[in-house]
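Asks: predicted model follows, preceded by the sequence.
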Amino acid sequence: MKRHAFTLGLLASFLLSAVAHYVRAPTFSPTVQFFISAVAIIFVAGFLGKATESVAHYAGERLGGFLNATFGNAAELIIAIFLVKDGMFEIVKASITGSIIGNMLLVLGLSVLLGGLKYKEQTFNVKLAGHNGSLMLLAVIALFIPAAFARSFTTQETSNLSIIVSVILIIAYLLWLVFSMITHKNELSDEVVEHGEAAWSKGLSIVFLIIATAMVAFQSEWLVHTLEPFSHQYGLSELFVGAFLIAIVGNAAEHSAAVMMARKNKMGAAVEIAVGSSLQIALFVAPVLVLLSLLFGKTMDLVFTTYEIIAIGVAAFIAKSISKDGATTWFEGVLLLVVYVILGIAFFLV
Amino acid sequence: MKRHAFTLGLLASFLLSAVAHYVRAPTFSPTVQFFISAVAIIFVAGFLGKATESVAHYAGERLGGFLNATFGNAAELIIAIFLVKDGMFEIVKASITGSIIGNMLLVLGLSVLLGGLKYKEQTFNVKLAGHNGSLMLLAVIALFIPAAFARSFTTQETSNLSIIVSVILIIAYLLWLVFSMITHKNELSDEVVEHGEAAWSKGLSIVFLIIATAMVAFQSEWLVHTLEPFSHQYGLSELFVGAFLIAIVGNAAEHSAAVMMARKNKMGAAVEIAVGSSLQIALFVAPVLVLLSLLFGKTMDLVFTTYEIIAIGVAAFIAKSISKDGATTWFEGVLLLVVYVILGIAFFLV
Amino acid sequence: MKRHAFTLGLLASFLLSAVAHYVRAPTFSPTVQFFISAVAIIFVAGFLGKATESVAHYAGERLGGFLNATFGNAAELIIAIFLVKDGMFEIVKASITGSIIGNMLLVLGLSVLLGGLKYKEQTFNVKLAGHNGSLMLLAVIALFIPAAFARSFTTQETSNLSIIVSVILIIAYLLWLVFSMITHKNELSDEVVEHGEAAWSKGLSIVFLIIATAMVAFQSEWLVHTLEPFSHQYGLSELFVGAFLIAIVGNAAEHSAAVMMARKNKMGAAVEIAVGSSLQIALFVAPVLVLLSLLFGKTMDLVFTTYEIIAIGVAAFIAKSISKDGATTWFEGVLLLVVYVILGIAFFLV
């Protein structure tokens, strides 16, 4: 009964916001469109969370979280490819920055805080925490080196460095998948605590995860579009909109999935969605975009602005410090959110 | 018998140095004044150490250390308020820097070294160590971000950022107290080892702690005043005097209290005095001074000089690295002191 | 039988490459000289590895590794003294940088990777790992502070700061030896697993270690000399040659010794060779060179270029992150090598 009501709400709000987006009827004012999209994203977020949980039931917390993060990033990758094609490199890099810090600070922070308010201490695999920390450091180094050396370089040399670094990062990320999913899978997994039944069968869970992610992708883009009139009206900078507003609103569904996992004391899945997603963007999505830009004739380099590097570095250091012991408390969630708010205000004022 | 001699020495040296300070009789040359104050500070330091220990006996090492740090910082806060009122922001910020690195490097270093010469390895709560490390990082980030963004900002925007960051830090610090003193008190406490009796009853211990801190506050200020002729005579820079000399001499009593705790293998109390005090200054005292400056008409911002940020950053990173495993050895004390000396020389030469 | 063949190959290739180096007969083209030296270095590397292993059998992994690192650095120190005498400070500093990052990233990375391909997880003393990490941080701080403050200093002040910092670092390093070899020797050692017999008696092992190191020193220098024509021909920068080519080729033998230890699951010895060697160079060799330069009339300062400090800082942070838990896996070796390659390309392009 309750399930049917949810399905109905999901489909109705999704269709309504699709209509609002494509029809652009004058009846739908920006505020109404935003409201419809916001309601719809709550429903698809719920659907995505359920699907992730069900997949995690069969595949383990980490693989469930990884699939959630990957499908989510696939959607972002597709949007970014169109921007790269149009040569809008600054916006792409701002949104990469926003995704990284949004996941490491906002999503992880909310999950840790809200999970921590329910459970005194939440734990996840401490070896995974250590490896995640080292990978965060690699991400910071890989984005910092091109920027640090760029001032001595010609544009051509910067392009070359960016391309080579991109190839190296992609190889490193693929080796990380080999390591964490194959050779050291068991060492990095959480103790599986089987309680209750999964919502759906194994096959159906995966199908639903894919469908939910696709819905999230569309819904997020529609929601992001409703932001435009606002950001225009209030004179917000492209950097702030790209690095904060879009990252927050566009990833709302993944955020809820991570929080939902944390509230069920499945911190391993929450960390995988938050941190795993950040790492995937820094070590895989960004480099892939650099290489794809070669096909479109003009190379996007890996040189981020000083403020972007500061933001990513600060996010990585505090997230590393908090997660490295494989245990989290509500106050650590506060710390992550505090850093996010400080960065947000600084970017807002720039 | 021995106790009466101590009480006599304490009162006599305190009164004598009060007279020397307020009367400014020509009979008291700067050197004599300095000598009197130095003897007096040894006595009040002993008194403060005893009071801290007695409070720690009843309240646990952490709360004892926290009270010691708080009363000590309250005195510094009062002195700083007068400086803020007079618009002497640079001196206030130099002394904030000095207090932070003095506590993290000199006080912690001496405690760890001198405690480590007596005990092979000294331990304290490892979870507290982890949280302290993350808070140190927050302190560095919160002081670094305004300075990093200030060059793109107008004075007004820098003020605004400083005010907002200050409010956020105060909230974060208060939540930290809720976390560490209420919701997760037991998780962060040291194992209580009850040996021997306390010097005084519970109530008397707290009264004596307050009295001792007040005496320390006065005595420190008088001692600092005797420094003026010296620093003038040797042409020392304001930055060096503010960040090193005043911090060393003015905090001499707290230093001895921390060392005394370490020598009694109560490392938890020593860390709380040293690191806890640094964190309180960075996350509470400095922001409060920013907000108070609003009342006096001219906003003090949170923009520290590059050298100050380097010093605080370097201090936080090495202190974090050394304390994070909840165990210390004499050599780690050496490391902290080495970094302090290197910073001191660099600041002296600037 | 097999042993005799090895001894024959060792002596023959060593003598042949000595002849090629000193005779410079036209029959030996640069390519032939390089080839002879490369074969010879493989033999002396094997000899050094065997000697290290045999010493480690008697003295423990750490002392064996320490002796290996020390003899290896002694050779580098001697070469550097001649360069300092000639006032070639930039090359000396580039080669110091190269040794530090080469050991922390390349040697450690290869050892961890190749050891990790054989063993799922390799461990070494976790307290040693913690102390190593703090010492790495001290090294970074000690090289960063002079560079950071140099812009406000006169040449004389920079010299003074460099000299004082050098004296402090040497004292700190000697105290570290006292700490790690005397007062806390047992706390920092690996569990000794005695399996099999040593190749030689205790006395002979040490004699052979010294002889092997001397051969490595000569052989490395001859090999490095064969590099000159190449680097000239391809227009490589002095910084790249000094910091990468020489460090790789000149330390080839130590590299193999560390890898050999790792492949025998003696990670403690491998870490000591790699990290211990880096630390010895940063905290002892570099400061000694500064002090020696005083004798030659012109002070070498401790001010490294921004790129050198970035390289050392990045190397120290990732090596610290990976080694701090006292356990390594093949993927962590990949991470170290990835950072080394990224730095190498950036330096190559400068």
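Replies: Now that the structure is in, tell me what you want to look at.

Asks: which strands and helices sit next to the longest helix anywhere in chain A?
Replies: Ranked by residue count under DSSP state H, the longest helix found in chain A is helix A:202-233. On a contact count with 3 or more C-beta pairs under 8 Å, 6 or more residues apart in numbering or on different chains; DSSP states H and E, helix A:202-233 meets helix A:2-23, helix A:30-59, helix A:61-85, helix A:246-250, helix A:252-263. For glycine as for every other residue, the C-beta is placed from the backbone atoms N, C-alpha and C.

Asks: buried sites along the first one?
Replies: Think helix A:2-23. A:9-10, A:13-14, A:16-18, A:20-21 (16 or more other C-beta atoms under 10 Å in any protein chain shown).

Asks: repeat for the third one
Replies: Within helix A:61-85, the residues that qualify as buried by neighbour count (16+ other C-beta under 10 Å) are A:61-69, A:71-73, A:75-77, A:79-81, A:83-84.

Asks: can you name the residues that contact the residue of chain A found nearest chain B?
Replies: Residue nearest to chain B within chain A: residue A:331 (3.9 Å; C-beta to the nearest C-beta). Residue A:331 makes contact with A:116, B:131, B:175-176, B:179-180, B:184 under the criterion C-beta atoms under 8 Å, 6 or more residues apart in numbering or on different chains.

Asks: equivalent analysis for residue A:322, please.
Replies: Taking C-beta under 8 Å, 6+ apart, one finds A:112, A:328, A:332, A:335-336, B:134 in contact with residue A:322.

Asks: quick one: which of the residues you listed is nearest to chain C?
Replies: Chain C lies nearest to residue B:134 out of these, by C-beta to the nearest C-beta, at 15.7 Å.

Asks: from the middle of its chain, how far away would stretch A:108-122 be?
Replies: Mean-position distance between stretch A:108-122 and its chain equals 19 Å (C-alpha atoms, centre = their mean, to the nearest Å).

Asks: is that stretch in proximity to chain B?
Replies: Yes - for stretch A:108-122 and chain B, the contact criterion (C-beta under 8 Å from any C-beta of the partner chain) is met by A:120-121.

Asks: could I get the buried residue list for that stretch?
Replies: Residues of stretch A:108-122 classed as buried: A:108-116, A:119, A:122 (neighbour count, 16+ other C-beta under 10 Å).

Asks: again, but for stretch A:238-252
Replies: When burial is assessed from 16+ other C-beta under 10 Å, stretch A:238-252 yields the following buried residues: A:239-252.

Asks: including distance to residue A:341, could the residues you listed go into JSON lines?
Replies: Shown next, in JSON lines, are the buried residues of stretch A:238-252 (distance: C-beta to C-beta, whole Å):
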{"residue": "A:239", "distance to residue A:341": "17"}
{"residue": "A:240", "distance to residue A:341": "13"}
{"residue": "A:241", "distance to residue A:341": "17"}
{"residue": "A:242", "distance to residue A:341": "18"}
{"residue": "A:243", "distance to residue A:341": "14"}
{"residue": "A:244", "distance to residue A:341": "10"}
{"residue": "A:245", "distance to residue A:341": "14"}
{"residue": "A:246", "distance to residue A:341": "17"}
{"residue": "A:247", "distance to residue A:341": "14"}
{"residue": "A:248", "distance to residue A:341": "12"}
{"residue": "A:249", "distance to residue A:341": "17"}
{"residue": "A:250", "distance to residue A:341": "19"}
{"residue": "A:251", "distance to residue A:341": "17"}
{"residue": "A:252", "distance to residue A:341": "18"}
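
Asks: about what we covered before: host element of the residue of chain A closest to chain B?
Replies: In the assignment (DSSP states H and E), residue A:331 maps to helix A:330-349.

Asks: what angle separates that helix from helix A:252-263?
Replies: Per axes from the mean of the first three to the mean of the last three C-alpha atoms, to 10 degrees, the angle that helix A:330-349 makes with helix A:252-263 is 160 degrees.

Asks: just how off-centre is helix A:330-349 within its chain?
Replies: 17 Å.

Asks: average model confidence for that helix?
Replies: For helix A:330-349, the mean per-residue pLDDT is 95.

Asks: ok, and of the contacts of residue A:331, which contact chain C?
Replies: Applying C-beta under 8 Å from any C-beta to the contacts of residue A:331, none is adjacent to chain C.

Asks: from those residues, which is closest to chain C?
Replies: Within these, the smallest distance to chain C is 17.9 Å, found for residue B:131 (C-beta to the nearest C-beta).

Asks: wait, the closest one sits on residue B:180?
Replies: Yes - the pair residue B:131 and residue B:180 qualifies as a contact (C-beta atoms under 8 Å) at a distance of 7.2 Å.
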